[in-house]
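Chemist: Just a sequence and a predicted model for now, questions to come.
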Amino acid sequence: MRKRAISFCMAAIMAAGLLSGCSSQTESGNTAVSETKEEVTTSAAPVAAETSGNTQKTSITFWHSMGGVNGKAIDALVEKFNKENTSGITVEAQYQGSYDDAINKLKSAQIGNMGADLVQIYDIGTRFMIDSGWVVPMQQLIDEDKWDLSQVEPNIAAYYTVNGTLYSMPFNSSTPILYYNKDIFKKAGIKEVPDSLPGIERVGDDLLKKGGAGEVISLGIYGWFFEQFTCKQQANYADSGNGREAAATAVDFDKNGAGVKTLTAWKELSTKGYAPNVGRGGDAGLADFSSGKSAMTLGSTASLKQILNDVNGKFEVGTAYFPKVSDEDKGGVSIGGGSLWALNNNDANKQKAVWEFVKFLVSPESQAYWNSQTGYFPITTAAHNEPVFKDNIAKFPQFQTAIDQLHDSTPQSAGALLSVFPEARQTVETEIENMINNNGTPEDAVKKMADSINKSIADYNLLNK
Amino acid sequence: MNYKLVTRKLSPYGYIAPAMAIFAIFLFFPFFKTIYLSLFKTNKMGQAKLFVGAGNYSELLSSASFFNSLFVTVVFVLIVVSVSMLLGLITAVLCNQSFPGIRIFSTAYALPMAIASSSAAMIFKIMLHPAIGIVNKILGLHINWISDPRYALICVALLTAWLNSGINFLYFSAGLSNIDEVIYERASVDGANSFQKFFRLTLPGLSPILFYTLVVNIIQAFQSFGQVKVLTMGGPGESTNLIVYSIYRDAFFNYRFGSAAAQSVILFVIIMVLTLCMFRLEKKGVHY
């Protein structure tokens, strides 16, 4: 009997260890909330523009999600600012892991004195940040300083503008483009680069047989691409004006038919063997392309540097616009990437320092440097006149495609805002993957996506009134 | 006299107080908080907002995705536990003799223990890459190992099994050195061949440690996370969506702590029942 009792206890403790392991972090997230309420109520109060504001020896914390080469570029910019600014501002840049990690840490860190003064948040976190009530809209800082907002590329600013207010300062923006292997295209005798998914289908056989490509297109299963295909069709992803007029209550791509059209074309490429399943995520297709196996791939402009490095002169890399879903589509692309959010810390000095730093980061000089180091767009048009930028374009003419594509787009293609976007993107990817692997129908996949995302939206709206 | 009696009665509690305090903070409190959270729906901050009672549970029990997670987890655990124990046992038996270079072999077999699961997964991700990975190059195949639902789970499971085999090797080696050499000599005198020796002497001699490793392995396999996060993110589709990964996704990605907490509780019950069953089994099969 005693032995049984002991064994029961052992079993219980072993299993309890497992359970608590899973929940211990829940705690930190949870306690964070109860104390942030005060923050939320005060955040709307405008911060008095202290003209006599003394910025002597102010230090601010900047959270970012740029690792690798991009992280080095950020560090260089921060160092330059710390050295050169005359107002005694010190910026401490802290790498917070991926975009997902950063926003999750932010949620937990909003206790009392917050962790950061300026955070870099990804595009799809925009609605969440606006709703959170923790931020000082960038527009407010701009207006106080009478800074000229027209310096910023209008198509980029449009994404972060809701109800006429620019909430965050775009910083690292990118769009997706089509990369293609010029050598294979030449060998296959194809002069015109396809500009639509059916177009890719038409040249598929030539690329495989005459061009000697192993794959026609290495198309990673990435939710962002699905969103862009929706933009290309000038259709809305979500209702309430793509979630821009008010919080969306449901997705729209199932009702306006854009989802089915996209997936039908996608599946067509897949079943004909032109777009084999190369996996999930934005980078999934890049390795096949860089190794010379696939003739085309879709990827972010921010991957250009990486691709050119990996290809290393084995073949010539060409770039073209992101493909349309059908030949008649007239829409543009929306931007992705990150933007800078000023958090409300009720400290006028810090706020001023944050604004000084943001101004520095988006200055033409910094943006030209940033662009040359990373492949993100310069977000200010004036950066195009900087010698660094001109040299870079001369060296990598492929980048011009990205800029032209952005200019050809319109603010109307700004893309959707959705509070549950990170989850929605995962759902979309899962269903596309299921459709391709299990040979499901596009209609079915779109219905499953819509059902699942709508349920999340309904839950979210119910719980976060 | 009375005072002495009181201190005598109380002092044991004083001794266990520090341990209990740590347990209370890091085990019991989160444990009960998890159960509490599982009865609520949480807002975007993970704050309990709407009491739904058993709503999260009934939602889970009617969700195909959750049952898929359970099924995938069971298959995964079966593969991982059997392969990793077999690997550990074979390597331990092989290394139980002395020959030149034995240290190199035993180090190699124990090495997986020292590798972090995420870093191993990153290396395997490159090795298993369809276009540039070494596995396809060597085998001359064109299989997309981690994007094909037929192979993804097996790949993740075998990687985990290999990672877990290191510690099993260590346990089994220790267990083997505990078996008295004399009984083998006696068996030889009686004319037993090596198969008989293995099944009649080695295995029964190892049974206590076998039992312990089995329990630990099962729990460890249920908790595998890093490999899935790095290699497959639960995909393709949901074919590697192990329950712990699904909990992570719900909690820290979708910020639905209620549902995640409910899944944790269900996982807790499953492991608890399994462990109890095994302790039952212990009485029959284990000889001390």
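Modeler: Perfect, thanks for sending it. Predicted, not measured: the structure shown is a model, and the values here were computed from it.
Chemist: Restrict stretch B:63-77 to CA atoms and write it as CSV.
Modeler: These are the backbone C-alpha positions of stretch B:63-77, laid out as CSV (Å, rounded to 0.1, in the frame of the first residue of the first chain):
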residue,chain,number,x,y,z
SER,B,63,-11.8,19.7,-32.6
ALA,B,64,-10.2,17.4,-35.3
SER,B,65,-7.0,19.4,-35.0
PHE,B,66,-6.6,18.4,-31.3
PHE,B,67,-7.2,14.8,-31.9
ASN,B,68,-4.7,14.9,-34.8
SER,B,69,-2.2,16.4,-32.3
LEU,B,70,-2.9,13.6,-29.9
PHE,B,71,-2.6,10.9,-32.5
VAL,B,72,0.6,12.5,-33.9
THR,B,73,2.1,12.7,-30.4
VAL,B,74,1.3,9.0,-29.7
VAL,B,75,3.0,7.9,-32.9
PHE,B,76,5.9,10.2,-32.2
VAL,B,77,6.3,8.9,-28.7
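Chemist: can you tell if it touches chain A?
Modeler: No. No part of stretch B:63-77 sits near chain A under the criterion Cβ under 8 Å from any Cβ of the partner chain; the closest distance found is 9.0 Å. No exception for glycine: its C-beta is placed from N, CA and C like everyone else's.
Chemist: what about whatever residue of the stretch 201-350 of chain A ends up closest to chain B, neighbour count?
Modeler: Nearest residue of the stretch 201-350 of chain A to chain B, counting by Cβ to the nearest Cβ: A:Gly279, 3.9 Å away. Using other Cβ atoms under 10 Å in any protein chain shown, A:Gly279 has 27 other residues around it.
Chemist: go on, A:Gln96?
Modeler: 22.
Chemist: Hmm, A:Ser65 and it touching each other?
Modeler: Yes. Counting by Cβ atoms under 8 Å, A:Gln96 touches A:Ser65, with 5.9 Å between them.
Chemist: Now for these two: what residues contact both?
Modeler: Shared contacts of A:Gln96 and A:Ser65, defined by Cβ atoms under 8 Å, 6 or more residues apart in numbering or on different chains, are found at A:Ala102.
Chemist: thinking again about what came up before, my guess is the residue of the stretch 201-350 of chain A closest to chain B meets A:Ser218, correct?
Modeler: No. Here A:Gly279 lies out of contact with A:Ser218, judged by Cβ under 8 Å, at a distance of 9.2 Å.
Chemist: overlap in contacts of the two?
Modeler: By Cβ under 8 Å, 6+ apart, the residues touching both A:Gly279 and A:Ser218 are A:Gly285.
Chemist: that older thread, and the residue of the stretch 201-350 of chain A closest to chain B, what does it touch?
Modeler: A:Gly279 touches A:Gly220, A:Ile221, A:Gly285, B:Asn144, B:Ile146, B:Ser147, B:Pro236, counting by Cβ under 8 Å, 6+ apart.
Chemist: Adding neighbour count, write the residues you listed out as TSV.
Modeler: Output for those, formatted as TSV (neighbours: other Cβ atoms under 10 Å in any protein chain shown):
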residue	neighbour count
A:Gly220	24
A:Ile221	28
A:Gly285	29
B:Asn144	21
B:Ile146	25
B:Ser147	25
B:Pro236	29
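Chemist: Now tabulate the residues you listed in JSON lines and tack on secondary structure, pLDDT and distance to A:Lys191.
Modeler: Below are the contacts of A:Gly279 laid out as JSON lines (DSSP: H, G, I helix; E, B strand; the rest coil; pLDDT from 0 to 100; distance: Cβ to Cβ, whole Å):
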{"residue": "A:Gly220", "secondary structure": "coil", "pLDDT": "91", "distance to A:Lys191": "27"}
{"residue": "A:Ile221", "secondary structure": "strand", "pLDDT": "92", "distance to A:Lys191": "30"}
{"residue": "A:Gly285", "secondary structure": "coil", "pLDDT": "86", "distance to A:Lys191": "24"}
{"residue": "B:Asn144", "secondary structure": "coil", "pLDDT": "80", "distance to A:Lys191": "32"}
{"residue": "B:Ile146", "secondary structure": "coil", "pLDDT": "82", "distance to A:Lys191": "37"}
{"residue": "B:Ser147", "secondary structure": "coil", "pLDDT": "79", "distance to A:Lys191": "33"}
{"residue": "B:Pro236", "secondary structure": "coil", "pLDDT": "79", "distance to A:Lys191": "36"}
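Chemist: closest to A:Lys261 among those residues?
Modeler: A:Ile221 (17.2 Å; Cβ to Cβ).
Chemist: Which positions are bridged to the closest one in the beta structure?
Modeler: On the basis of DSSP bridges, A:Ile221 is bridged to A:Arg280.
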